[in-house]
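S.K.: Predicted structure and sequence below. I'll ask about it afterward.
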Amino acid sequence: MDGFVLINSTILGSAAASIVFNTGLTDYTKFRLTLYVITSNVLAVQSRLNGDSGNNYVRQRLNANGSTASTVGAPSSSMFTGRAPVTINATLLQTIEISKPLATTPARYTSSKAYISSEGVEYESQAGEWNNTADLISSITLFASSGNFAAGTRVLLEGAT
Amino acid sequence: MTWKGIEQITLGSTASSITFNTGLSGYKFFRLTAFIVNDANVKAVYVTFNGDSGSNYSQQRVEAASTTVSGARSTGTTRLSLAGGTNLAANQFASFIALIAKPSASVKGQAVLQGGHNASPIVELLGGEWNDTSEVIDEIALSPSNNNFAAGTSVMLEGLSL
């Protein structure tokens, strides 16, 4: 049995508003992303599948900031998104797992994230679903809610069949 | 490039720590997959880098136990601390997966961990930071807050040079 294999990776040499993986993805049904994001402005890392910007995403988020653990649910959204830190020059470390075994099944999404805000280290966990039952995943787009990902941002995309 | 196995340590007898300090050079990301068995009451599992026992760690922890979710931030601590707050008795288990990143010596180390233990049981999530801006990671050490890891404890370390 083959495990996860490398699909693609990128290290930004200059700032960019998005990172797109759109080659060879339909060979896989499971994806794992490892993100180390550097940002010079306040942003949340957002993602879409197959370029779908319709309200076809469901997500539930758990945030921890100090002694406060809070939850946010979005039953109809146009993307997967996290909470934006409240300061600039933050770094963010995140894992994302996406599974879509068949074109006719929706995609399931989970992520874990740690980031640095003006309040200190924060943690966020998220689970969600992309309500598409017609296509395999052919593209994964990561984009900044505002501004850019800074140079030095690194993303690894792995896939499994 | 992709994840590479660096080392797996499985204890045949009790040990006070598990240390990975060979073959870490060149990797910027690390993944720990840990199965912990305790030999006696243990409050927490500690993680440190490069032998740094100074007050150079910060963490944000989330714990879910039964119907209660709670958060806690710690700053200026001497290690990252998992499964804290509850005593694990002998032969109880904890497990966690950790993603650790320090792409260059000049940036702080960052970690995301998720795991839990079977005393209660609980789910534990943690974001952590190692406040070092002078070194790349060349050692990762795990230790119990007290007593030892028991035989059967198994920890695998992988690395990524992205």
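M.R.: Alright, I've got the coordinates.
S.K.: Run through the residues that contact the residue in chain A positioned nearest to chain B.
M.R.: Closest to chain B within chain A is residue A:114: 2.7 Å, counting by C-beta to the nearest C-beta. (Each C-beta comes from the backbone N, C-alpha and C, glycine too.) When contacts are counted by C-beta atoms under 8 Å, 6 or more residues apart in numbering or on different chains, residue A:114 touches A:92-94, A:121-124, B:60, B:110-112, B:126-129.
S.K.: do the same with residue A:24
M.R.: A:7-8.
S.K.: dump the residue contacts of residue B:121.
M.R.: Shown in contact with residue B:121 (C-beta under 8 Å, 6+ apart): residue B:65.
S.K.: ah, wrong one, I meant residue A:147
M.R.: Residue A:147 neighbours (C-beta under 8 Å, 6+ apart): A:17, A:39-43.
S.K.: Among those residues, name the buried ones.
M.R.: Using 16 or more other C-beta atoms under 10 Å in any protein chain shown as the burial test, these include A:39, A:41-43 as buried.
S.K.: Show me which of the contacts of residue A:114 is closest to residue B:145.
M.R.: Relative to residue B:145, the closest of the contacts of residue A:114 is residue B:126; by C-beta to C-beta it sits at 15.0 Å.
S.K.: Okay, that closest one and chain A: tell me how far apart.
M.R.: Between residue B:126 and chain A the distance is 6 Å, computed by C-beta to the nearest C-beta, to the nearest Å.
S.K.: Could you give the number of residues near that residue?
M.R.: 28 (other C-beta atoms under 10 Å in any protein chain shown).
S.K.: swap in the one 4 residues further on?
M.R.: Residues contacting residue B:130 under the criterion other C-beta under 10 Å number 24.
S.K.: Now it: closest residue in space that isn't a chain neighbour?
M.R.: Setting aside the residues directly before and after it, residue B:130 is nearest to residue B:109 in space (C-beta to C-beta, 6 or more residues apart in numbering or on different chains), at 3.4 Å.
S.K.: Now do the same contact list for the one you found.
M.R.: B:49, B:100-102, B:129-130, B:132, B:137.
S.K.: Ok, residue A:92 next?
M.R.: By C-beta under 8 Å, 6+ apart, the neighbours of residue A:92 are A:35-37, A:39, A:45, A:85, A:113-116.
S.K.: Mind picking the lowest-pLDDT entry from those?
M.R.: Among the contacts of residue A:92, residue A:85 has the lowest pLDDT, at 61.
S.K.: Could you show which parts of chain A are in contact with chain B?
M.R.: By C-beta under 8 Å from any C-beta of the partner chain, the residues of chain A that approach chain B are A:4-6, A:9, A:11, A:34, A:36, A:62, A:64-69, A:91, A:93-95, A:112-116, A:120-125, A:152, A:154, A:156, A:158.
S.K.: got the residues of chain B near chain A?
M.R.: So chain B meets chain A at B:1-3, B:28-29, B:58-62, B:69-73, B:75, B:99, B:101, B:103, B:107-108, B:110-112, B:114, B:125-129, B:160, B:162 (C-beta under 8 Å from any C-beta).
S.K.: how about the residue in chain B that chain A sits nearest to, secondary structure?
M.R.: For chain B and chain A, the shortest gap (C-beta to the nearest C-beta) falls at residue B:127, measuring 2.7 Å. When classified by DSSP: H, G, I helix; E, B strand; the rest coil, residue B:127 comes out as strand.
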